[in-house]
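*Asks:* Sequence and predicted model, in that order:
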Amino acid sequence: KFFATNKGLPSRFTTIVDFENFTIEELRSIFLNMVEGRAWKLQKPGKGYSDIATIVAKRLHRGSNSKGYANARSVRNYVEQSIGRANERMVKENTKGIRLSDEERVTVKRVDVLGEEF
């Protein structure tokens, strides 16, 4: 689409780099690294549940051919939204008088990442 905006553009770009989408395992690893890089932890999976990072990676991979999908940027957006929801949840818990441990204050829960339906 970009090249179609000006007929002279294609001749100015002699090299085109095509980036393959990440695999599910690569997306999972990126997600975990980004969460940990922000000094957060993921809630451990409960009995009978898949781990959060794998579910996120599968969701992102499923959308990899969608408009607006951007590989690692999509992962970063997911991480930032999840941490934002974790912070909102903790504020609500605090207003209800729920005291959180130091570890709980840096733990992103399943509901923060996947929503209420999970």
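*Replies:* Sure thing, it's come through. All of these numbers come straight from a predicted model, not from anything done at the bench. Numbers count the residues shown, from 1 in each chain.

*Asks:* low-confidence ranges in this structure?
*Replies:* For the chain, residues meeting the criterion pLDDT under 70 lie at 1, 117-118.

*Asks:* how about the strands of it, start to end?
*Replies:* In order along the chain, the chain carries the following strands (DSSP state E): 41-42, 107-108.

*Asks:* how far out from the middle of the chain is the last one?
*Replies:* On the basis of CA atoms, centre = their mean, to the nearest Å, strand 107-108 is displaced by 13 Å from the centre of the chain it belongs to.

*Asks:* on that earlier part again, would you tell me which one of the strands of the chain is buried the most?
*Replies:* Stretch with highest mean neighbour count among these: strand 107-108 (a mean of 19; mean count of other CB atoms under 10 Å). Placement of C-beta: from N, CA and C, glycine included.

*Asks:* longest helix in this protein, by residue count?
*Replies:* Using DSSP state H to assign secondary structure, the helix with the most residues in the chain is helix 72-95.

*Asks:* May I see the strands of the chain organised as a markdown table, with distance to Lys92 added?
*Replies:* Listed next are the strands of the chain as a markdown table, based on distance: least, CB to CB, whole Å:
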| stretch | distance to Lys92 |
| --- | --- |
| strand 41-42 | 20 |
| strand 107-108 | 15 |
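
*Asks:* What sits closest to the spatially most central residue of the chain if chain neighbours are left out?
*Replies:* By CA atoms, centre = their mean, the mean C-alpha position of the chain lies nearest to Tyr78, the distance being 2.8 Å. Closest residue in space to Tyr78, ignoring its immediate chain neighbours: Val56 at 6.0 Å, by CB to CB, 6 or more residues apart in numbering.

*Asks:* which residues touch that neighbour?
*Replies:* With contact set as CB atoms under 8 Å, 6 or more residues apart in numbering, Val56 has these partners: 27-28, 31, 75, 78, 113-114.
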